[in-house]
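**Q** Sequence first, then the predicted structure, then my questions.
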Amino acid sequence: MKYESQAVAKPYFIAAIGLFLGQILFGLIMGLQYVVGDFLFPAIPFNVARMVHTNLLIVWLLFGFMGAAYYLIPEESERDLFSPKLALAMFWIFLVAGAATILGYLFVPYATLAEMTGNDLLATMGREFLEQPLPTKVGIVIVALAMLFNLSMTVLKGRKTAINLVMLVGLWGLAIFFLFSFYNPGNLVKDKFYWWWVVHLWVEGVWELIMGAMLAFVLIKVTGVDREVIEKWLYVIIAMALITGLIGTGHHYYWIGTPEYWQWWGSVFSALEPIPFFMMTVFAFNMVNRRKREHPNKAAVLWALGTGVMAFLGAGVWGFLHTLAPVNYYTHGTQITAAHGHMAFYGAYVMVVITMISYTMPLMRGREANSPVAQVVEMWSFWLMTIAMVFITLFLTAAGILQVWLQRVSTEPMPFMAAQDQVALFYWMREVAGLIFLVGLLLYIVSFFIKGKAATAT
Amino acid sequence: MWFFILAELLVFGVFFLAYAFARMRNVELFNASQLELDRISGAINTILLISGSYFVVRAVDQIRHDRSRACAHWLIAAMACGGTFLILKLVEFGAKFEAGINMSTNTFFMFYLGLGFFHFMHVILGMVILGAVALKAWKGGYSASNYGGVETGAAYWHMVDLVWIVLFPLIYILN
């Protein structure tokens, strides 16, 4: 760690991991509800568990991105953060608002929550992933703006590199596109049209910039490869991500009442979306192969390589599986989508945040890398979580294929719930894989508490 | 930049294949709709873009002989070709919109308008790139030993031209 103020990332990362654990627990509850419908009913109904599972994911990833930005931007700009106090204040505001929102979901009926929080003033609630009450949404905007002010001031006064500029543009994009969550037209087609401007343009647009910048930052540090080489890769990757991802939004516009030409535009552009992810894989392996030093933090290198591979598989391959309109006609909104969602979020965003945490946390705790024992445990957690996620994805894919067949293709299509009964075996296997994921996550948390002599460069 | 150009060609290539595929499934509709296009305007535009490509070749040649001002002049000439192309294209699109044709009219017009507009945006980008290069050349930013930027801008412009040379016969003429 070069600057004192970078340490403000630490509480962000700790909160991220805590919320990650919460997300997985609710995932397991919901996974069980797929096969034991009344599990924990009426205390935690399925729709609430789902809302908590997905919202926690988004919130902890945002904590991860913010922490990463507060660490990375000062180091790249070669100066202290503009205002560490503001960053810390925003951390507490975001944490309290996030916790209050989740508690609201759990203990207040959703309709009552909407009434209590002024949804009648400006109706923004009730839409998937954007369920947050109005005050929470406003809070997110305030936290994001304060962060952007803080980071932009740091960059303006300091050194400008490709990495901090890409990171900053990504974060600005994140904040700007979130504003569409306040736009809720009465026309359902329009509502969905702009809803994707938040959801799609985040994960298949500006978040890829953030991801690319974080990956490039860690790769420079752990491989010692020249900045010029890494920056060239970064530019090409983000250019491809934006070319394919922006118009690729069209792959959500096939069947929602938008004009038919979206079937062509969405198919062609989104079919090319795997390219930037493939390039990230090649990038990561290439840089590690050309490394000029052996960094003692082997675990961080493993996470960085894993990000490349899993992001390509989850976002690239599993996305391509059902992105062409003629295929999507059958697979839309089935477990195929769920399979893609799980591996893409894990491979791209969960793993890149953990890569960043894995690299920075030891530095913020005053050592270059954790002890070899701690790293071995961390690598075990890597393999357990990653393999468990591969199996979750495979089981959901199998469930999805069967579901499409039974419900949509066969000569006598089954109703939704009857088809769900037929795929129950896969849901059970998914739940077991989920438990293994939890074990991996617990091991990951344990690895922070293992002491021992710090590893040194070889 | 080469990677970027290849990526752009890939996107257009996929669209051309999609066009061929869609046409195969509905040849009559495509042939009938094609007759409504303004081939003269398309042909003039083809000549304009090819002339533009010639002008950027001249520009590269000039900078190789260390003639910065002449290089900038040729680049501006190429941009003028691009600008005229854009005006003609706007007139053409305007006529179609006035006739009540839009992207939802049928699959042929979806491709004609969609690909045309997508290429239109690339002409604008190409002009912006040439403009930046011309400005730097005018200020003496390039020389006979350092003219990579001029070549890069020229390469991008050739790509824009190349795409049109495929697009014009494919959509306006072939039937």
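**A** Nice, thanks for sending it over.
**Q** now the closest residue to A:His340 other than its chain neighbours, what's its secondary structure?
**A** Spatial nearest neighbour of A:His340, chain neighbours left out: A:Trp318 (4.1 Å); criterion: CB to CB, 6 or more residues apart in numbering or on different chains. C-beta: built from backbone N, CA, C; applies to glycine. Using DSSP: H, G, I helix; E, B strand; the rest coil, the structure places A:Trp318 in helix.
**Q** can you list the residues of the stretch 251-400 of chain A near chain B?
**A** A:Pro259, A:Glu260, A:Tyr261, A:Trp264, A:Trp265, A:Ser267, A:Val268, A:Phe269, A:Ala271, A:Leu272, A:Ile275 (CB under 8 Å from any CB of the partner chain).
**Q** rerun at 6 Å
**A** Within reach of chain B by CB under 6 Å from any CB of the partner chain, the stretch 251-400 of chain A has these residues: A:Pro259, A:Tyr261, A:Val268.
**Q** what's the closest of those to B:Met110?
**A** A:Tyr261 (4.4 Å; CB to CB).
**Q** For that closest one, which residues are in contact?
**A** Taking CB atoms under 6 Å, 6 or more residues apart in numbering or on different chains, we find A:Tyr261 in contact with B:Met103, B:Met110.
**Q** per-residue confidence at it?
**A** Looking at A:Tyr261, its pLDDT stands at 93.
**Q** before we move on, the earlier item: any idea how many residues pack against the residue nearest to A:His340?
**A** 24 (other CB atoms under 10 Å in any protein chain shown).
**Q** What's the mean pLDDT across stretch A:11-29?
**A** Per-residue pLDDT over stretch A:11-29 has a mean of 98.
**Q** Output that stretch as CSV, restricted to C-alpha atoms.
**A** Provided in CSV are the C-alpha atoms of stretch A:11-29 (Å, rounded to 0.1, in the frame of the first residue of the first chain):
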residue,chain,number,x,y,z
PRO,A,11,-14.3,-1.7,5.5
TYR,A,12,-15.9,-1.8,2.0
PHE,A,13,-14.3,-5.2,1.3
ILE,A,14,-15.3,-6.6,4.8
ALA,A,15,-18.9,-5.5,4.3
ALA,A,16,-18.8,-7.0,0.8
ILE,A,17,-17.8,-10.4,2.1
GLY,A,18,-20.3,-10.3,4.9
LEU,A,19,-23.1,-9.5,2.4
PHE,A,20,-21.8,-12.2,0.1
LEU,A,21,-22.4,-14.7,2.9
GLY,A,22,-25.9,-13.4,3.3
GLN,A,23,-26.6,-13.8,-0.4
ILE,A,24,-25.4,-17.4,-0.4
LEU,A,25,-27.6,-18.3,2.6
PHE,A,26,-30.7,-16.9,1.0
GLY,A,27,-29.7,-18.6,-2.2
LEU,A,28,-29.7,-21.9,-0.3
ILE,A,29,-33.1,-21.2,1.3
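**Q** Would you mind measuring from B:Leu115 to A:Ala339?
**A** From B:Leu115 across to A:Ala339, the span is 34 Å (CB to CB, to the nearest Å).
**Q** more crowded one of these two?
**A** A direct count of neighbours by other CB under 10 Å for B:Leu115 and A:Ala339 places A:Ala339 higher, at 25 against 20.
**Q** ok, now which ones touch that one?
**A** Counting by CB under 6 Å, 6+ apart, A:Ala339 has contacts A:Thr393, A:Leu396, A:Thr397, A:Gly400.
**Q** Quickly find the element holding the nearest residue to the second one once chain neighbours are set aside.
**A** Looking back up the chat, that one is A:Leu396. Closest residue in space to A:Leu396, ignoring its immediate chain neighbours: A:Ala339 at 3.7 Å, by CB to CB, 6+ apart. If you go by DSSP states H and E, A:Ala339 is part of helix A:335-344.
**Q** Next: A:Leu121.
**A** Under the assignment given by DSSP H and E, A:Leu121 is not contained in any helix or strand.
**Q** That one: neighbour count?
**A** A count of neighbours around A:Leu121, defined by other CB under 10 Å, yields 8.
**Q** distance of A:Ala338 from A:His53?
**A** Between A:Ala338 and A:His53 the computed distance is 11 Å (CB to CB).
**Q** list residues touching both of the two?
**A** Joint contacts of A:Ala338 and A:His53 (CB under 6 Å, 6+ apart) do not exist.
**Q** Please list all residues in contact with the residue nearest to the spatial centre of chain A.
**A** For chain A, the residue nearest the mean C-alpha position is A:Tyr349 (3.6 Å; CA atoms, centre = their mean). By CB under 6 Å, 6+ apart, A:Tyr349 lies in contact with A:Leu61.
**Q** How is it assigned, secondary-structure-wise?
**A** At A:Tyr349 the chain is in helix, as set by three-state DSSP.
**Q** repeat for B:His73
**A** B:His73 is classified as helix under three-state DSSP.
**Q** what about it, how many neighbours?
**A** By other CB under 10 Å, the residues close to B:His73 number 18.
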